[in-house]
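>>> Got a predicted structure plus its sequence, pasted below:
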Amino acid sequence: MVELEILTYPDQRLKQVSPPVRQFGEELRVFIARLEFTMRGSPGGVGIAAPQVGYFQRIVIVDVSAKPKIPGHGRMVLVNPEILSWEGMTRGREGCMSVPDFTGNVMRAERITMTAFDEEGNLQEYLCEGYEARAVQHEIDHLDGLLFLDRLVSRHTDLFRRKKYDNKICNYSA
């Protein structure tokens, strides 16, 4: 399988709002498999949204299970996700495959309740907390044409150049 090309900032397509998925079936499952393959090919990648690869539909994959000691649901395919409620706010560092040279501090809800369809079209409900909740919120932002850059606490004090080692990006965040 070939990884999909990641759109990177300042590509204006990343500002596009994605419409909901209307059809579930084999074509959607094949795209989700390619999207997941692309996410897993990125060092430290814990999430990806369809708009990041130029596919403008409301599809997100989040899986924080590779991060030691971080609780989560494992692999979540979220089609047409909708956050129903959120609690608490916390500041945390985020990075993004679409913004490869920077990380930044962003305020996010500590806990969220959401619904989403899985790749088969079954409605699911999730309660996400901590790092997983942050990753989900980050990816859902992509569906609405937002990057973490749009949510920085301060562009002057909360944007950081990412460290690079041997031409590889060191990615420790969502």
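Looks like it arrived, so ask away.

>>> make it CA atoms for all contacts and neighbour counts henceforth
Fine.

>>> Partner strands of the lengthiest strand in the chain and their direction?
Using DSSP state E to define each element, the chain has its longest strand at strand 76-96. Sheet pairing here is set by DSSP bridges, and for strand 76-96 it gives strand 59-62 (antiparallel), strand 99-117 (antiparallel).

>>> Please produce TSV containing these, extended by mean pLDDT and mean neighbour count.
As requested, these are exported to TSV (pLDDT from 0 to 100; neighbours: other C-alpha atoms under 10 Å):
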stretch	mean pLDDT	mean neighbour count
strand 59-62	98	27
strand 99-117	97	19
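
>>> Turn the ones you listed into JSON lines, columns for distance to residue 90.
Converted to JSON lines, those look like this (distance: least, C-alpha to C-alpha, whole Å):
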{"stretch": "strand 59-62", "distance to residue 90": "20"}
{"stretch": "strand 99-117", "distance to residue 90": "5"}
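
>>> Export the longest strand of the chain to PDB, keeping only CA atoms.
Output in PDB follows, covering the C-alpha atoms of strand 76-96 (Å, rounded to 0.1, in the frame of the first residue of the first chain):
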ATOM      1  CA  MET A  76     -11.100   4.700  16.700                       C
ATOM      2  CA  VAL A  77     -12.400   5.400  13.200                       C
ATOM      3  CA  LEU A  78     -14.700   8.400  13.600                       C
ATOM      4  CA  VAL A  79     -17.000   9.200  10.700                       C
ATOM      5  CA  ASN A  80     -19.100  12.300  11.100                       C
ATOM      6  CA  PRO A  81     -17.900  12.800  14.700                       C
ATOM      7  CA  GLU A  82     -19.800  15.200  16.900                       C
ATOM      8  CA  ILE A  83     -18.700  16.400  20.300                       C
ATOM      9  CA  LEU A  84     -21.800  16.400  22.600                       C
ATOM     10  CA  SER A  85     -20.200  17.700  25.800                       C
ATOM     11  CA  TRP A  86     -16.800  18.800  27.200                       C
ATOM     12  CA  GLU A  87     -15.400  19.500  30.700                       C
ATOM     13  CA  GLY A  88     -12.400  21.200  32.100                       C
ATOM     14  CA  MET A  89      -9.800  23.000  30.100                       C
ATOM     15  CA  THR A  90      -6.100  22.300  30.000                       C
ATOM     16  CA  ARG A  91      -3.100  23.600  28.100                       C
ATOM     17  CA  GLY A  92      -0.900  21.200  26.200                       C
ATOM     18  CA  ARG A  93       1.600  20.900  23.400                       C
ATOM     19  CA  GLU A  94       0.500  19.800  20.000                       C
ATOM     20  CA  GLY A  95       2.100  19.000  16.700                       C
ATOM     21  CA  CYS A  96       0.700  18.000  13.300                       C
END
